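Visitor: Got a sequence here, can you build the structure:
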Amino acid sequence: MNAQTKLGAYQGFSRREWAALRDAVPLPLSEEELERLRGINESVSLEEVEAVYLPLSRLLNLYVHSSQRRGDVLQQFLGRRPSKGPYIISVAGSVAVGKSTTARILQALLQRWPEHPQVELVTTDGFLYPLEELKRRDLLKRKGFPESYDIRMLLDFVKEVKSGRRTAAPLYSHLSYDRIENTQQEINNPDILILEGLNVLQSGMDYPDGDRPFVSDFVDFSIYVDAPESLLKSWYIDRFISFRDGAFKDPNSYFHHYAQLSEGEARKTASKIWDDINGPNLNNNILPTRERATLILSKGEHHRIEKIRLRG
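Guide: The predicted structure is shown next:
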């Protein structure tokens, strides 16, 4: 069997096999730049960028170029002006898997390609209902579940982006644990939009009794960052401890009360939060969407990507 081992609808690549597809694409990031892109407790190395993210940026560049060219041909055939809507990439995965870091690295790499210098990154956190609304709907303990998002607002945003119109996304503060009032991220027809969030791969398959559009309907290429739940829970607990020793100490932090916990109490609390909220959300809503992704990045210990699966 050749290097591209078929796994169902996917072609599977080891890390070494995938790295060979870099095809001499230069490394545009320095160690200092990568440090700014890393998430809490993530040890992404320049070697990881070279082995995994550079081949991925090359693949995405080819997809974007092909999409732009195909769109221009179709519009020319129809006698219309070329469409100016951006290429949309979604990044999905569990809490603590490192999808935000993946999205930031991809943004940094893709905007270095001359064909698409304007690459915007939007997280769906800003589309969570405000805290008061979550409380009113009795959804505070289900924050991050699909029903905790203002789906209509998110869909309207993605439609506006896809149509090439200028729009804006709400911003979210992890300090206040709430949407930031009167502050938005302006999006002015980028070449590429990266949309990162827990549930961006959900589709009509999850709601067979309904008939409505989903964010995934407007996505051109989707990525799922994967890891075994045992690792995810461990990473979540470690991240919680880091926050306890850092951000939670801020008196303005929504979770300031956790800063007073001992390390043992903090680990117990984080474990319970995972078991009650993040674990069920992963298994019931996020993990079932994994096989819809165009590309799956599978992590092992220390957030190291060990295997890549690409839909054929």
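Visitor: Do a quick rundown of the helices in the stretch 151-300 of the chain.
Guide: Using DSSP state H, counting those that start in this stretch, the helices found in the stretch 151-300 of the chain span residues 151-162, 229-245, 263-273, 279-281.
Visitor: Pull out the buried residues from the longest one.
Guide: What it means is helix 229-245. 231-237, 239-241, 243-244 (16 or more other C-beta atoms under 10 Å). C-beta: built from backbone N, CA, C; applies to glycine.
Visitor: Let's have the helices of the stretch 151-300 of the chain in JSON lines, adding mean pLDDT and distance to E50.
Guide: What follows is these, written out as JSON lines (pLDDT from 0 to 100; distance: least, C-beta to C-beta, whole Å):
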{"stretch": "helix 151-162", "mean pLDDT": "95", "distance to E50": "31"}
{"stretch": "helix 229-245", "mean pLDDT": "96", "distance to E50": "23"}
{"stretch": "helix 263-273", "mean pLDDT": "97", "distance to E50": "33"}
{"stretch": "helix 279-281", "mean pLDDT": "98", "distance to E50": "33"}
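Visitor: Ok, which of these comes nearest D217?
Guide: helix 151-162 (8.7 Å; C-beta to C-beta).
Visitor: CA-only coordinates of the closest one in PDB, if you can.
Guide: Provided in PDB are the C-alpha atoms of helix 151-162 (Å, rounded to 0.1, in the frame of the first residue of the first chain):
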ATOM      1  CA  ILE A 151     -27.200  31.200  15.200                       C
ATOM      2  CA  ARG A 152     -29.300  33.600  13.200                       C
ATOM      3  CA  MET A 153     -26.700  36.400  13.900                       C
ATOM      4  CA  LEU A 154     -23.900  34.100  12.900                       C
ATOM      5  CA  LEU A 155     -25.600  33.000   9.700                       C
ATOM      6  CA  ASP A 156     -26.300  36.500   8.700                       C
ATOM      7  CA  PHE A 157     -22.700  37.400   9.300                       C
ATOM      8  CA  VAL A 158     -21.400  34.500   7.200                       C
ATOM      9  CA  LYS A 159     -23.900  35.300   4.400                       C
ATOM     10  CA  GLU A 160     -22.700  38.900   4.300                       C
ATOM     11  CA  VAL A 161     -19.100  37.800   4.200                       C
ATOM     12  CA  LYS A 162     -19.700  35.300   1.400                       C
END
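Visitor: Give me the packing partners of it, helices and strands only.
Guide: strand 87-93, strand 167-173 (3 or more C-beta pairs under 8 Å, 6 or more residues apart in numbering; DSSP states H and E).
Visitor: what's the first one in contact with?
Guide: Read it as strand 87-93. 60, 63-64, 67-68, 99, 102-103, 106, 116, 158, 161-162, 191-201, 215-216, 218-226, 286, 289, 293 (C-beta atoms under 8 Å, 6 or more residues apart in numbering).
Visitor: from the residues you listed, which would you call buried?
Guide: Using 16+ other C-beta under 10 Å, the buried ones in these are 60, 64, 67-68, 99, 102-103, 106, 116, 158, 161-162, 191-201, 215-216, 218-226, 286, 289, 293.
Visitor: related to what we said a few turns ago, out of the helices of the stretch 151-300 of the chain, which gets nearest to E17?
Guide: Closest of the helices of the stretch 151-300 of the chain to E17 is helix 229-245, at 22.7 Å (criterion: C-beta to C-beta).
Visitor: tell me which residues of stretch 161-168 are tucked away?
Guide: In stretch 161-168, counting by 16+ other C-beta under 10 Å, buried: 161-162, 167.
Visitor: how about the residues you listed in TSV, adding distance to S176?
Guide: Shown next, in TSV, are these (distance: C-beta to C-beta, whole Å):
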residue	distance to S176
V161	26
K162	30
T167	24
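Visitor: Rebuild the buried residues of helix 229-245 as CSV, extending it with distance to M153.
Guide: Converted to CSV, these look like this (distance: C-beta to C-beta, whole Å):
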residue, distance to M153
L231, 33
L232, 28
K233, 31
S234, 34
W235, 30
Y236, 27
I237, 32
R239, 28
F240, 29
I241, 34
F243, 28
R244, 32
